[in-house]
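Student: how does the following fold in three dimensions:
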Amino acid sequence: MSIKRRILGPIALLILIGVAGASWISVAAIRTQNDIQAADEATLRTLQATDRAQRIREEIERQLQQFLEFNTIVPPEQVRSKHQQFVSAFNDVLTELRQANQSTEPSALLLKIETQFDAWNTEGSIALGLISDTHVPSHSRLRQLARRLELALVALEQDVRAQAEDTNRQASRSYAHHVILAFASMSVIFVLAGSTFLGFGSHLVASLTRLADAMEAIRHGEYDTPVRDLTRADEVGQIARGVAAFSNTLRDLQMAKSRIEHLALHDQLTNLPNRRALQDHLSQCLSAAQTKGRRAAVLHVDLDRFKQINDLLGHAAGDEILRHAARAMQACIGPKDITARVGGDEFVIVLCRACEPAALETLCQQIIEAVSQPIEVSGEWVNVGASIGIAYVDGSEADPERILSNADIALYVAKGQGRGRASFYNDATRVQFEGNMVMLKELRGAMENGEITAYFQPQVDGHSGAVIGFEALARWLHPERGMLDPGVFISLAFEHGLGDQLTETIVSDAIAAILDWRARGLPAPSVSVNFAAKQLRDGGLVEFLDDALFAAALEPKDLAIEVLESVLFGDGVDPAFNTIARLQERGYKIELDDFGTGHASISNLRRFKVDGVKIDRDFVAGVDQDPEQEMILRTLIDLCRNLGIECLAEGVETEAEMERLLRLGCSRFQGFGIGRPMSRDAVTAWLEARAEPLVSAKAG
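Tutor: Numbers count the residues shown, from 1 in each chain. Take a look at the predicted model:
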């Protein structure tokens with residue numbers, strides 16, 4: 001039952017009981033009043049009748065006395081008529097008395113009055129001569145009978161008065177009885193109803209007090225406070241369920257708020273602190289460094305080869321690699337240190353208590369080794385590397401962004417040293433970095449202004465001296481510093497997204513040179529162009545080369561693709577393998593550059609056969625003077641011959657080196673001994689100069 005009914009029901013019942021009790025008492029009062037009024041009216045009528053009877057009696061007695069006087073002579077008819085008139089009037093009064101008095105006692109008195117009246121009337125009639133009788137009553141007898149009638153009437157009057165008083169008393173007692181009974185009944189009912197209502201009210205107050213206490217606890221953040229009365233079907237149950245739902249909603253909102261705050265300061269994928277949290281932590285470290293003299297260290301970690309795995313296996317695999325790297329870094333640092341993810345594959349480690357450089361470098365190597373451990377992703381075992389830049393946090397630097405910039409510069413240096421390394425930041429590092437940034441700005445302008453062009457280094461057959469091809473090399477003719485070595489700007493271009501534009505320039509220059517030389521009737525079998533591993537991992541490279549050659553009406557065999565040996569050192573998931581395979585299917589010649597200096601395994605070279613290799617100059621220079629070097633070079637040449645791969649020696653400078661290479665089985669040469677890298681016009685002149693002796697010989 002609802003509280004509304006439980007509250008209003010008893011109130012309505014009490015109202016009804018009150019109305020019923022009041023009605024009961026009112027009816028009893030009316031009935032009592034009616035009884036008293038009826039008794040009073042009957043008494044009044046009786047008294048009035050007895051009073052008239054007394055007057056009639058007195059009048060009869062006076063007339064009788066008058067008629068019986070000695071000297072009074074009244075005609076008998078007049079006496080009879082007058083007497084009969086009085087008798088009729090007295091009988092009418094008796095009739096009225098009979099009608100006014102219905103009780104037993106008044107009827108007996110009336111009989112007595114009638115008897116007394118009849119006796120007095122009879123003897124009076126005898127005395128008047130209205131009735132013949134021998135015995136004539138005396139005056140004394142008649143007065144005696146009149147006194148008796150008078151007394152009978154007085155007795156009747158007294159009896160009527162006494163009866164009226166008794167009736168009033170009985171009516172009053174009855175009314176008092178009804179009032180007492182109604183009061184007692186209503187009191188009992190009110191006590192019972194009030195007790196029930198008080199019990200319900202106490203229970204309701206207790207329930208509401210519990211709900212109020214629960215609400216107060218919830219208001220103070222105690223969202224797990226138990227709420228009772230949840231199963232009640234009344235309004236208290238509804239309120240309790242509302243309070244419970246409100247508590248659950250507040251708890252969910254608090255959890256959502258905590259989650260939002262957590263997400264605002266943490267990376268969703270790795271659950272590591274993000275850049276914002278990192279800056280807050282760095283600010284605390286800087287404050288501690290300035291006030292307590294503590295020195296911290298910031299390690300900027302960047303994953304190597306992450307993009308190629310992400311591109312080949314998808315973002316799910318990339319996410320797993322990132323989580324693996326995060327776990328590996330966390331396992332290498334202390335509980336008070338933090339690892340934050342600040343970019344796609346970039347992390348920052350803050351060591352609260354930095355150790356000495358030697359120990360810190362050892363820790364970095366441990367991190368690199370842990371991150372580089374292979375993991376299984378989508379059925380493939382893959383691994384990434386890591387490079388680390390290190391910057392110290394001390395009291396001399398107060399800007400967190402500056403410290404992160406220092407670590408980033410150190411990371412840049414580490415990557416420039418060959419990746420998989422750790423490098424410390426110092427003033428010289430910043431000078432170098434800022435110089436590179438200046439050069440990068442100049443490089444962008446140089447590419448727009450056409451300052452970077454292709455130079456070509458010829459390749460010849462050692463037996464015939466015929467030109468078998470050229471290698472296109474990028475050169476930058478700086479307006480102030482002159483010709484710049486490619487080592488100064490090539491890596492800078494690829495690190496900052498200019499590699500594709502640079503390669504497009506070289507490919508365009510190579511195609512234009514081939515067309516020019518062939519149009520002049522000069523030998524131009526093919527031109528080799530170097531491609532970085534990052535470009536080979538770009539699925540659009542094949543289409544770019546096809547479109548460029550198609551526009552120039554050239555064939556894929558006219559353009560050789562040179563790749564570094566380190567490309568083949570990658571695992572099977574490297575997308576560069578897929579690009580190289582597609583290039584070979586289209587007819588492009590694949591040449592492996594700097595063979596012998598990298599880490600290419602024979603199994604990979606056997607599994608992924610290239611068209612040619614270029615033996616690095618380190619194995620060629622001075623081969624005619626070092627037997628051990630000659631043995632190594634012979635092994636490399638024999639390996640290529642046994643695998644059916646063309647072999648070209650780089651860095652050939654002397655006739656002795658050429659002769660030794662020919663004896664070892666290598667007849668394809670490239671180096672300063674053949675020709676230096678030259679511009680297209682210089683190559684044209686060089687080819688024309690070589691062609692003149694042949695023309696003269698034929699003419700002779």
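Student: biggest strand in the chain, by residue count?
Tutor: strand 467-478 (DSSP state E).
Student: next helix or strand past it?
Tutor: strand 482-484 (DSSP states H and E).
Student: can you tell me the element the nearest residue to Ile514 once chain neighbours are set aside falls in?
Tutor: Once flanking residues are discounted, Ile514 sits nearest to Ala524: 5.0 Å by C-beta to C-beta, 6 or more residues apart in numbering. Backbone N, C-alpha and C define where each C-beta goes, glycine included. Following DSSP H and E, there is no helix or strand that holds Ala524.
Student: against Leu554, how distant is Ala524?
Tutor: Going from Ala524 to Leu554 by C-beta to C-beta, to the nearest Å gives 10 Å.
Student: could you do Glu471 as well?
Tutor: 17 Å.
Student: who's more crowded, those two?
Tutor: Between Glu471 and Leu554, counting by other C-beta atoms under 10 Å, Glu471 is the more crowded of the two (25 against 18).
Student: do I have it right that that one meets Tyr455?
Tutor: No. At 9.2 Å, Glu471 does not count as touching Tyr455 under the criterion of C-beta atoms under 8 Å.
Student: can you report how many residues lie near Glu653?
Tutor: Glu653: 16 neighbours (other C-beta under 10 Å).
Student: what kind of secondary structure is it in?
Tutor: coil (DSSP: H, G, I helix; E, B strand; the rest coil).
Student: leaving out sequence neighbours, find the closest residue to it.
Tutor: Gly673 (4.2 Å).
Student: follow-up on the earlier one: what sits in contact with each of Ala524 and Leu554?
Tutor: Overlap of the contact sets of Ala524 and Leu554 (by C-beta atoms under 8 Å, 6 or more residues apart in numbering) consists of Ile514.
Student: and for Glu434, the neighbour number?
Tutor: Neighbour tally, Glu434, other C-beta under 10 Å: 11.
Student: quick one: it from Gln85, how far?
Tutor: 159 Å.
Student: list the contacts of Arg323.
Tutor: Leu269, Thr270.
Student: quick check: which ranges of the stretch 451-600 of the chain have low pLDDT?
Tutor: Counting by pLDDT under 70, the stretch 451-600 of the chain shows low-confidence ranges at 565-574, 596-600.
Student: same thing but at 50, please
Tutor: 599-600 (pLDDT under 50).
Student: would you list every one of the strands in it?
Tutor: With DSSP state E, counting those that start in this stretch as the criterion, the stretch 451-600 of the chain has strands at 452-461, 467-478, 482-484, 527-530, 559-564, 589-595.
Student: need the ones you listed in TSV (columns: distance to Glu442).
Tutor: Output for those, formatted as TSV (distance: least, C-beta to C-beta, whole Å):
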stretch	distance to Glu442
strand 452-461	11
strand 467-478	7
strand 482-484	10
strand 527-530	22
strand 559-564	26
strand 589-595	27
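Student: figure out which of those strands is closest to Val243.
Tutor: Closest approach to Val243 among these is made by strand 559-564 (70.9 Å; C-beta to C-beta).
Student: and stretch 363-372, C-alpha only, in PDB?
Tutor: Provided in PDB are the C-alpha atoms of stretch 363-372 (Å, rounded to 0.1, in the frame of the first residue of the first chain):
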ATOM      1  CA  LEU A 363      70.900   1.600 -19.200                       C
ATOM      2  CA  CYS A 364      70.100   3.000 -22.700                       C
ATOM      3  CA  GLN A 365      71.700  -0.100 -24.300                       C
ATOM      4  CA  GLN A 366      69.500  -2.300 -22.000                       C
ATOM      5  CA  ILE A 367      66.500  -0.300 -23.200                       C
ATOM      6  CA  ILE A 368      67.500  -0.700 -26.900                       C
ATOM      7  CA  GLU A 369      68.000  -4.500 -26.400                       C
ATOM      8  CA  ALA A 370      64.700  -4.900 -24.600                       C
ATOM      9  CA  VAL A 371      62.800  -3.000 -27.200                       C
ATOM     10  CA  SER A 372      64.600  -4.900 -30.000                       C
END
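Student: outside of that stretch, which residues touch it?
Tutor: Contacts for stretch 363-372 (C-beta under 8 Å, 6+ apart): 299, 301, 303, 324-325, 328-329, 331-333, 349, 351, 355, 383-388, 390, 420-422.
Student: repeat that for stretch 180-196.
Tutor: Pro10, Leu13, Leu14, Ile17, Gly18, Gly21, Trp24, Ile25, Ala28.
Student: now do stretch 527-540
Tutor: Under C-beta under 8 Å, 6+ apart, the answer for stretch 527-540 is 307-308, 311, 456, 459, 469-473, 494, 499-500, 503, 506-507, 510-511, 513-514, 541, 558-564, 566-567, 570, 574-576, 578-580, 591, 593.
Student: Lys441 - how many residues pack around it?
Tutor: 10.
Student: quick one: mean pLDDT over the host helix or strand of it.
Tutor: Counting by DSSP H and E, the element that carries Lys441 is helix 427-449. Average pLDDT, helix 427-449: 81.
Student: try stretch 381-400
Tutor: 81.
Student: what do you get for stretch 278-295?
Tutor: 74.
Student: do stretch 679-691 as well
Tutor: 91.
Student: just the buried positions in it, please.
Tutor: Buried residues in stretch 679-691, counted by 16 or more other C-beta atoms under 10 Å: Ser679, Arg680, Val683, Thr684, Trp686, Leu687, Arg690.
Student: do I have it right that the first one meets Thr453?
Tutor: Read it as Ser679. Yes. The pair Ser679 / Thr453 is scored as a contact, 7.0 Å apart, by C-beta under 8 Å.
Student: joint contacts of the two?
Tutor: Counting by C-beta under 8 Å, 6+ apart, the residues touching both Ser679 and Thr453 are Arg475.
Student: where are the low-confidence patches of the stretch 201-350 of the chain?
Tutor: Checking the stretch 201-350 of the chain against pLDDT under 50 turns up nothing.
Student: can we see that at 70?
Tutor: In the stretch 201-350 of the chain, residues with pLDDT under 70: 289-294.
Student: all strands of it, in order?
Tutor: 296-304, 338-341, 346-351.
Student: on that earlier part again, hmm, the residue nearest to Ile514 is touching Phe470, no?
Tutor: Yes. Ala524 lies in contact with Phe470 (C-beta under 8 Å); the separation is 7.3 Å.
Student: list only buried entries from the contacts of stretch 363-372.
Tutor: 299, 301, 303, 324-325, 328-329, 332-333, 349, 351, 383-388, 390, 420-422.
Student: so which of those residues belong to helices?
Tutor: His324, Ala325, Ala328, Met329, Cys332 (DSSP state H).
Student: so the nearest residue to the second one once chain neighbours are set aside is in which element?
Tutor: Read that as Ala325. Leaving aside its sequence neighbours, Ala325 sits nearest to Val371 (C-beta to C-beta, 6+ apart; 5.0 Å). For Val371, the enclosing helix or strand under DSSP H and E is helix 357-372.
Student: helices of the stretch 151-300 of the chain, residue ranges please.
Tutor: Along the stretch 151-300 of the chain, the segments classed as helices by DSSP state H, counting those that start in this stretch run 235-265, 275-292.
Student: deepest in the core, which of those helices is it.
Tutor: helix 275-292 (a mean of 16; mean count of other C-beta atoms under 10 Å).
Student: find the nearest non-adjacent residue to Phe669, please.
Tutor: In space, Phe669 is closest to Val652, 4.4 Å off (C-beta to C-beta, 6+ apart).
Student: if I look at the one you found, what pLDDT would I see?
Tutor: 93.
Student: kindly report the same for Thr104.
Tutor: 48.
Student: can you give me the helices for the stretch 601-700 of the chain?
Tutor: Using DSSP H, counting those that start in this stretch, helices in the stretch 601-700 of the chain cover 602-607, 617-620, 627-643, 655-664, 680-699.
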